[in-house]
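K.L.:
pasting the sequence and the predicted model now:
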Amino acid sequence: MTVSDLLQTPGRRYPARRLTQQIAGGASPIQPKNFACGMITLDPDGGQTPWHNQQQEELYFVIDGEVEVCLGEERRTLTQGQVVYIPPTVFHQITNTGKTYARFLYVYGPSGDVAHWRQELEGTLPKAGVDAPPLPAGARPQCTEPPSSPTPG
């Protein structure tokens, strides 16, 4: 039996003020071929998974907090218990709009690398409205700043 334990998974901090812990896929001991899964903790007041797209289809399941989800030209607030489906290649971002940490699970398939993690660490994410479609009207700005110091890992 292969077990992944979030309490023993340090995860990785990203410049957009979030912690990503892989439950299945990536650095996890669980290595499925058809999907990947993880926990994201967004820092209060703007922690984010910035505007990006990927080849996989994906779900975000909000566990705690209040978040703004931008998907293509749409923008919506989601709270605990809500799930959003993200079709392949559609640009999307999720931002913590609350004063406390927000947590959500991501599940995408098929399993494999998603470029936006590396791009964010390198400061090379496509910029909304420049290298990528614009964010929906009224959305929180995309975080594209490269790290000022090495991100612990």
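P.N.:
Structure received.

K.L.:
switch to C-alpha atoms for all contacts and neighbour counts from now on
P.N.:
OK.

K.L.:
centre of the chain to stretch 108-122, how far?
P.N.:
How far stretch 108-122 lies from its chain's middle: 10 Å, per C-alpha atoms, centre = their mean, to the nearest Å.

K.L.:
and what of stretch 126-139?
P.N.:
Stretch 126-139 sits 16 Å away from the centroid of its parent chain (C-alpha atoms, centre = their mean).

K.L.:
what's the separation between the closest residue to G72 other than its chain neighbours and T2?
P.N.:
Sequence neighbours aside, F91 is the residue nearest to G72 in space, at 5.4 Å (criterion: C-alpha to C-alpha, 6 or more residues apart in numbering). Going from F91 to T2 by C-alpha to C-alpha, to the nearest Å gives 33 Å.

K.L.:
again with C37
P.N.:
Note on C37: its distance to T2, by C-alpha to C-alpha, is 15 Å.

K.L.:
looking at these two now, which is surrounded by more residues?
P.N.:
Set C37 next to T2 and count neighbours by other C-alpha atoms under 10 Å: C37 wins out with 23 against 7.

K.L.:
and the pLDDT at that one?
P.N.:
Looking at C37, its pLDDT is 97.

K.L.:
now G46
P.N.:
G46 carries a pLDDT value of 96.

K.L.:
run a quick neighbour tally on L121.
P.N.:
Look at L121: counted by other C-alpha under 10 Å, it has 19 neighbours.

K.L.:
surely it meets R17?
P.N.:
No. Look at L121 against R17 with C-alpha atoms under 8 Å: they stay out of range, at 11.5 Å.

K.L.:
quick one, helices of this protein?
P.N.:
Applying DSSP state H to the chain gives helices spanning 115-122.

K.L.:
looking at it, which helix or strand is least sure?
P.N.:
When each helix and strand of the chain is scored by mean pLDDT, DSSP states H and E, helix 115-122 comes last, with a mean of 91.

K.L.:
so which bits of that one are buried?
P.N.:
For helix 115-122, a neighbour-count test (16 or more other C-alpha atoms under 10 Å) marks 116-117, 120-121 as buried.
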